[in-house]
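# This is a predicted model, with the sequence first.
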Amino acid sequence: MNVIITGTSRGMGREIAIKFLNEGHTVAGLDLEESTIVHANYSHYVCDVRDINSLPYIEFEGSDKRAEILINNAGMQGQGYQDVETNLKGVINCTQKYGLNGNEDIKAIVNQAAASGTTGADFSYYVASKAGVIGYTRYTAKQIAQYGATCNSISFGGVLSPVNWGVMNDSEKWGKIMEMTPLKKWATPAEAAEWVYFLAVINKSCTAQDIVIDNGEMYNQQFIW
């Protein structure tokens, strides 16, 4: 299938793109930075999801020329109002351009929310942005149901990705995080990619839902940074 993924230069976004490519899909990646992914079925676009006018027109080859799957992964954390601009406005911009807008080929949209969008245990603007993503996911699900398509958000707790190096490399903070996390671990980007792939490709009946993957972290609802 034809897949658009945002935030593919590093971390989860890169792993998600690689997962889809390994499964035989055609992927267009969007990011502020260049990508290190080299694959015959991968094309990369440098753009800013915060600005809908900067989003490229993407036409896939073959009879199905529009996106069939959209993964809104691009995001930032702890940058004040820019968290809202990227995490929420970016999701809305990309969904309007690639997932809605009369796209009858769309089959699935998966949005990156966060466990803190429900618990409130994070930076204020980040919490607000991710809570907004959960609400917008439910709106979008209603819009694309007419095509038999699904839209869900996925709320990870901690993930072993570059954005979290600050606490991962701080033994005191990391110890506190593991103490409050029942399964005593965080997800890897590769595991996160498997969850996203499941919701986008394998899932056919779950829609308008927020799926929490946090190793039990939500039970304690603390924010350590």
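Perfect, thanks for sending it.

# What segments of this protein are helices?
11-22, 81-84, 90-94, 116-119, 124-144, 165-168, 171-180, 189-197 (DSSP state H).

# Where does the prediction get shaky in this protein?
Counting by pLDDT under 70, the ranges of the chain that qualify are 63-64, 221-225.

# Mind doing that once more with 90?
Residues of the chain that meet the criterion pLDDT under 90 lie in 59, 61-65, 101, 121-122, 158, 161-166, 180, 217-225.

# about what we covered before: let's have the helices of the chain in JSON lines, adding distance to residue 105.
Any C-beta I mention is one placed from the backbone N, CA and C, and that applies to glycine too. Shown next, in JSON lines, are these (distance: least, C-beta to C-beta, whole Å):
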{"stretch": "helix 11-22", "distance to residue 105": "16"}
{"stretch": "helix 81-84", "distance to residue 105": "30"}
{"stretch": "helix 90-94", "distance to residue 105": "16"}
{"stretch": "helix 116-119", "distance to residue 105": "29"}
{"stretch": "helix 124-144", "distance to residue 105": "11"}
{"stretch": "helix 165-168", "distance to residue 105": "38"}
{"stretch": "helix 171-180", "distance to residue 105": "42"}
{"stretch": "helix 189-197", "distance to residue 105": "19"}
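
# Mean neighbour count, the ones you listed: which tops it?
Sort these by mean neighbour count, taking mean count of other C-beta atoms under 10 Å, and helix 90-94 sits at the top with a mean of 25.

# Distance of the residue of the chain most remote from its centre relative to residue 179?
Farthest-out residue of the chain from its mean C-alpha position, per C-alpha atoms, centre = their mean: residue 172, at 28.9 Å. According to C-beta to C-beta, to the nearest Å, residue 172 stands 11 Å off from residue 179.

# Quick check: residue 12 touching residue 163?
No: checked against C-beta atoms under 8 Å, the pair residue 12 and residue 163 is beyond contact range at 9.0 Å.

# Skip the chain neighbours and tell me the closest residue to residue 61.
Leaving aside its sequence neighbours, residue 61 sits nearest to residue 26 (C-beta to C-beta, 6 or more residues apart in numbering; 7.7 Å).

# mind listing what that neighbour touches?
1, 2, 3, 41, 42, 60, 61 (C-beta atoms under 8 Å, 6 or more residues apart in numbering).

# which residues does it bridge with?
residue 2 (DSSP bridges).

# now the one 4 residues further on
Listed by DSSP bridges, the beta-bridge partners for residue 30 are residue 6, residue 45.

# give me every residue that touches it.
Residue 30 sits next to 4-8, 44-45, 47, 49, 55-56, 74, 94 when contact means C-beta under 8 Å, 6+ apart.

# What's the ChimeraX line that selects buried ones from the residues you listed?
Buried members of the contacts of residue 30, defined by 16 or more other C-beta atoms under 10 Å, are picked up in ChimeraX with:
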select :4,5,6,7,8,44,45,47,49,55,74,94
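
# Using TSV, lay out the contacts of residue 30 together with distance to residue 153.
Output for these, formatted as TSV (distance: C-beta to C-beta, whole Å):
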residue	distance to residue 153
4	17
5	15
6	14
7	15
8	19
44	25
45	23
47	22
49	16
55	20
56	24
74	14
94	14
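
# Show me which of the contacts of residue 30 is closest to residue 87.
Residue 87 has its nearest neighbour among these in residue 74, at 8.0 Å by C-beta to C-beta.
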